[in-house]
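Visitor: okay, here's the prediction I keep looking at, along with the sequence it came from:
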Amino acid sequence: MAGITTTDNVWQNWAGNQRARSSVSRPISVPQVVAAVTEAAAAGTRVKPVGSGHSFTGIARTDQLRMELNALATPSRVDRDARLVTVPAGMTLRALNELLATAGLALPNLGDIDAQTISGALATGTHGTGARYGCLATFVEAITLVTGTGEVITCSADEHPEVFAAARVGLGAVGVVVAVTLRCDEAFVLRAHERPAALPEVLAGLSDLITGNDHFEFYWFPYTDRAQVKTNNRVPVSDKPLHRLRGWLDDDFLSNTVFAGACRLGRQVPALAPSISRISARALTERSYTARSDRVFCTARRVRFVEMEYALPRAALGEALSALRRIIDGLPFKVLFPVEVRFAAADDIWLSHGHGRESAYVAIHQYAGAPYEPYFRAFEKVAAGLEGRPHWGKLHYRDAASLSAVYPRFDDFLRVRDTLDPQRVFANDYTEQVLGA
């Protein structure tokens with residue numbers, strides 16, 4: 001079969017909570033992708049495109065044929081005047097950011113991790129924060145994919161618009177994305193401002209914080225009334241770069257080395273977790289600096305964890321956080337990670353978490369190896385009652401029946417999927433759970 005280099009390969013995701021043994025295909029050209037898909041379909045084998053493994057769900061798991069696209073040699077093209085870039089789907093966001101920087105361009109918004117492949121980030125609805133910005137898929141101008149029947153389709157708002165509406169956040173279920181064209185901004189500088197704050201103060205001023213900043217998020221530390229507020233705003237020049245020692249101390253040593261040690265201690269001696277959370281909150285100091293946009297948006301994450309994230313109607317955030325505090329206080333174990341809250345604009349992508357409404361995203365985490373399921377299930381019950389939509393790449397327990405009620409175009413997505421992948425070549429246990437057979 002085209003592109004297969006081994007027939008017994010073990011894969012696991014970044015968090016280590018998803019593992020599988022499968023054959024693997026590493027195509028270097030689009031014809032090889034087509035050959036692998038058509039041969040798999042003829043043999044009744046399922047194919048699962050896989051990125052960098054930064055999803056916590058089983059979205060990338062397969063025990064049949066895993067397809068890795070990091071060697072796919074489709075050409076990169078930068079149209080500086082039109083501010084468009086076309087890149088292979090297996091390129092990482094980190095590599096894309098460097099490519100754009102050399103051309104004087106940048107993505108308008110990013111999440112805080114840049115290790116994902118572009119196709120993986122789009123497929124799961126990866127997002128950053130900012131009231132005027134949707135998920136990364138809203139920056140997509142065109143997608144080229146290989147369907148379950150081996151057809152190569154390029155789709156956009158004008159060409160195959162229904163395929164475009166489905167494929168931008170496609171869960172890997174409608175085809176193998178091989179190339180993506182993205183709309184960019186002129187390269188820009190961000191001024192980052194990070195400060196500790198009282199949670200009641202943050203919630204009372206939420207409207208001004210959301211509308212008064214290009215990008216705003218906050219972290220709440222369980223067992224405390226403390227939060228960390230982060231704002232990023234565009235400025236003309238980088239006039240206050242972060243001192244290298246301060247950057248290492250805050251982002252490497254404290255946020256990774258020291259925090260990892262605190263999590264290990266909290267896992268071994270759970271009674272210490274509330275004290276660790278209080279100390280962590282009090283240890284934060286205010287800082288402000290300027291840098292290239294992607295270097296502000298993206299940070300190193302070396303402390304392993306599992307995560308659930310829900311997109312909620314923005315007006316439901318207060319109720320969700322109140323319920324979350326009660327949940328955490330009532331758990332038979334302790335929570336070792338802060339809760340992250342971000343904001344995003346509405347969009348029109350069929351399976352985007354932000355489809356048709358402004359969203360507040362609430363992300364809950366637990367240190368790898370610590371208990372989490374009762375915590376996640378309890379919060380999911382609250383979020384589902386508030387018409388929440390789970391992030392496709394982060395742990396949740398929803399099924400197609402419950403998800404169809406919160407996605408107005410869910411049936412349209414299934415209809416397009418039936419056309420593009422009638423034999424379910426790209427199905428796996430996860431897509432059967434969230435989309436149905």
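Guide: Structure's in. What do you need?
Visitor: make it CA atoms for all contacts and neighbour counts henceforth
Guide: Fine.
Visitor: mean pLDDT per helix and strand in this protein: which one sits at the bottom?
Guide: The weakest-scoring helix or strand in the chain, judged by mean pLDDT, DSSP states H and E, is helix 244-247 (a mean of 72).
Visitor: ok, residues contacting the helix or strand that that helix is followed by?
Guide: Downstream of helix 244-247, the first helix or strand assigned by DSSP states H and E is helix 259-268. With contact meaning Cα atoms under 8 Å, 6 or more residues apart in numbering, helix 259-268 is reached by 272-273, 276, 303, 336, 367, 370.
Visitor: again, 6 Å this time
Guide: 272-273, 303 (Cα atoms under 6 Å, 6 or more residues apart in numbering).
Visitor: shaky segments in the protein?
Guide: In the predicted model of the chain, residues 1-7, 245, 248-250, 253-254 satisfy pLDDT under 70.
Visitor: so who does Cys155 touch?
Guide: 142-143, 164.
Visitor: try Phe56
Guide: Going by Cα under 6 Å, 6+ apart, Phe56 touches 393-395.
Visitor: what residue is smack in the middle of the protein?
Guide: Thr126 (3.1 Å; Cα atoms, centre = their mean).
Visitor: span of stretch 295-303 from start to end?
Guide: With Cα to Cα, to the nearest Å applied, stretch 295-303 spans 19 Å between its terminal residues.
Visitor: ok now it, how far from the chain's centre?
Guide: A distance of 13 Å separates the centroid of the chain from that of stretch 295-303, by Cα atoms, centre = their mean, to the nearest Å.
Visitor: also stretch 144-159?
Guide: 23 Å.
Visitor: residues in contact with Pro88?
Guide: 74, 178-179 are the contacts of Pro88 under Cα under 6 Å, 6+ apart.
Visitor: looking at strand pairing, list the partners for it.
Guide: Applying DSSP bridges to Pro88 yields these beta-bridge partners: Ala179.
Visitor: which residue is the nearest non-sequential neighbour of Ile349?
Guide: Ala165 (5.3 Å; Cα to Cα, 6 or more residues apart in numbering).
Visitor: in the helix or strand containing the one you found, what counts as buried?
Guide: Using DSSP H and E, Ala165 sits within helix 161-167. Residues of helix 161-167 classed as buried by neighbour count (16 or more other Cα atoms under 10 Å): 162-167.
Visitor: what distance separates the start and the end of stretch 15-27?
Guide: End to end - Cα to Cα - stretch 15-27 spans 26 Å.
Visitor: so how far is it from its chain's centroid?
Guide: Using Cα atoms, centre = their mean, the offset of stretch 15-27 from its chain centre is 19 Å.
Visitor: what's the burial count for Thr419?
Guide: As a burial measure, Thr419 scores 14 neighbours (other Cα atoms under 10 Å).
Visitor: which of the three states applies to it?
Guide: Three-state assignment for Thr419 (DSSP: H, G, I helix; E, B strand; the rest coil): helix.
Visitor: that one and Ala316, how far apart?
Guide: For Thr419 relative to Ala316 (Cα to Cα), the value is 37 Å.
Visitor: now do Gly330
Guide: Counting by Cα to Cα - Gly330 and Ala316 are separated by 21 Å.
Visitor: which one's more surrounded, the two?
Guide: More crowded of Gly330 and Ala316, by other Cα under 10 Å: Ala316, with 15 against 11.
Visitor: Ala360 contacts Ala315, doesn't it?
Guide: No: counting by Cα atoms under 6 Å, Ala360 does not reach Ala315; the two are 8.2 Å apart.
Visitor: more neighbours: which of the two?
Guide: The residue with more neighbours, out of Ala360 and Ala315, is Ala360; 24 against 12, by other Cα under 10 Å.
Visitor: tell me where the stretch 151-300 of the chain has strands.
Guide: Counting by DSSP state E, counting those that start in this stretch, the stretch 151-300 of the chain has strands at residues 152-156, 176-183, 185-186, 189-198, 215-220, 226-235, 287-292.
Visitor: need those in JSON lines with distance to Glu39, can you?
Guide: Shown next, in JSON lines, are these (distance: least, Cα to Cα, whole Å):
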{"stretch": "strand 152-156", "distance to Glu39": "15"}
{"stretch": "strand 176-183", "distance to Glu39": "14"}
{"stretch": "strand 185-186", "distance to Glu39": "41"}
{"stretch": "strand 189-198", "distance to Glu39": "48"}
{"stretch": "strand 215-220", "distance to Glu39": "46"}
{"stretch": "strand 226-235", "distance to Glu39": "48"}
{"stretch": "strand 287-292", "distance to Glu39": "45"}
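Visitor: so which of those strands comes closest to Ala383?
Guide: The closest of those to Ala383 is strand 215-220. By Cα to Cα, the value is 17.4 Å.
Visitor: quick one: contacts of that closest one?
Guide: 129-130, 227-232, 338-342.
Visitor: do you know how far Thr124 is from Val33?
Guide: Distance, Thr124 to Val33, by Cα to Cα: 21 Å.
Visitor: please apply the same query to Ser255.
Guide: For Ser255, the distance to Val33 - Cα to Cα - is 40 Å.
Visitor: repeat for Leu206
Guide: Applying Cα to Cα to Leu206 and Val33 gives a distance of 47 Å.
Visitor: between those two, which is the more surrounded one?
Guide: Each of Leu206 and Val33 has its neighbours counted (other Cα under 10 Å); Val33 has more, 26 against 14.
Visitor: excluding chain neighbours, what is closest to the more buried one?
Guide: Nearest one to Val33, counting by Cα to Cα, 6+ apart, is Pro27 at 5.8 Å.
Visitor: ok but the one you found is inside a strand, no?
Guide: No: applying three-state DSSP, one finds Pro27 to be coil, outside a strand.
Visitor: got a list of what the residue nearest to Thr299 when sequence neighbours are not counted touches?
Guide: Spatial nearest neighbour of Thr299, chain neighbours left out: Asp112 (5.6 Å); criterion: Cα to Cα, 6+ apart. Counting by Cα under 6 Å, 6+ apart, Asp112 touches 297-299.
Visitor: between the two ends of stretch 299-307, how far is it?
Guide: Terminal-residue distance, stretch 299-307 (Cα to Cα): 17 Å.
Visitor: buried residues of it, list them for me.
Guide: Residues of stretch 299-307 classed as buried by neighbour count (16+ other Cα under 10 Å): 303-307.
Visitor: sort out for me which of those residues are in strands.
Guide: 305-307 (DSSP state E).
Visitor: redo these as CSV? Include distance to Phe410.
Guide: Converted to CSV, these look like this (distance: Cα to Cα, whole Å):
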residue, distance to Phe410
Phe305, 30
Val306, 27
Glu307, 24
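Visitor: list just the nearest of those residues to Arg61.
Guide: Nearest to Arg61 among those, with distances taken as Cα to Cα, is Val306, at 16.1 Å.
Visitor: in the sheet, who's paired with the closest one?
Guide: Gln366.
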